[in-house]
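*Asks:* Have a look; sequence and predicted model below, questions after that.
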Amino acid sequence: MYDELTLTYPPLLVEGRFTPAIREQQFKEAVKKHLPFFSVEIIPDQRGTRQKMMHLQGEMANAEGILQNPEAIKAFLIEKGFIPESISITKDGNLYATHPREHLPYMHWIVRLLVHFQAFGEWLKVKYWYHDYPEE
């Protein structure tokens, strides 16, 4: 079991709520650490409800440009409530997945676990607690 990483960049940015300078810092620091970086877009639900969905996009910032163990990542995302048909992990290291509910603190927790998995090849054993994560 590895200790949790201390990151020098925000691993998750919300589309429309960050500046180009923050995105550049996120990218440069992720490249230095050979870790992924993520963004999330909050989109209206197409089913006519007032609920919004969250579209997560991630990218690996290492020389190989690939996410390790895509099948484990896909299983993890399905277990955490992502829409199975929406999950795509490309050969060039991009991840796309949609969660059917808008809940930013939950998405920050998901990204925290994904970054740890990419760094160490194991899932961080941290339970979700709503107040541990930002609303933005």
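*Replies:* Received it, and whenever you're ready, just let me know what you need.
*Asks:* shouldn't Y130 be in contact with P105?
*Replies:* Yes: here Y130 reaches P105: they are 5.3 Å apart, a contact under CB atoms under 8 Å. All C-beta atoms are positioned from the backbone trio N, CA, C, and that covers glycine.
*Asks:* List the buried residues in the lengthiest helix in the chain.
*Replies:* If you go by DSSP state H, the chain has its longest helix at helix 104-120. For helix 104-120, burial by neighbour count (16 or more other CB atoms under 10 Å) applies to 104-119.
*Asks:* what mean pLDDT would you report for that helix?
*Replies:* The pLDDT scores in helix 104-120 average 94.
*Asks:* oh, and call the first residue 45 from now on, that's how I've got it
*Replies:* Got it, the first residue is 45 from now on, which makes the last one we talked about helix 148-164.
*Asks:* other SSEs contacting it?
*Replies:* Judged by 3 or more CB pairs under 8 Å, 6 or more residues apart in numbering; DSSP states H and E, the packing partners of helix 148-164 are strand 56-58, strand 80-88, strand 96-104, helix 114-123.
*Asks:* What about T52, how many residues nearby?
*Replies:* A total of 12 residues lie near T52 under the criterion other CB atoms under 10 Å.
*Asks:* so it, which of the three states?
*Replies:* coil (DSSP: H, G, I helix; E, B strand; the rest coil).
*Asks:* so it touches E73, yeah?
*Replies:* Yes: if you go by CB under 8 Å, T52 and E73 touch, sitting 4.9 Å apart.
*Asks:* For the protein, give me the ranges with low pLDDT.
*Replies:* 89, 91-92, 106-108, 180 (pLDDT under 70).
*Asks:* how far away is E115 from A163?
*Replies:* Distance from E115 to A163, counting by CB to CB, to the nearest Å: 18 Å.
*Asks:* and if you look at F82?
*Replies:* Here F82 is placed at a distance of 14 Å from A163 (CB to CB).
*Asks:* center of the chain, which residue is that?
*Replies:* V155 (3.6 Å; CA atoms, centre = their mean).
*Asks:* Show me the beta-bridge partners of the residue lying closest to it once chain neighbours are set aside.
*Replies:* In space, not counting the residues next to it along the chain, V155 is nearest to L56; the distance is 4.3 Å by CB to CB, 6 or more residues apart in numbering. When bridges are called by DSSP bridges, L56 pairs up with F82.
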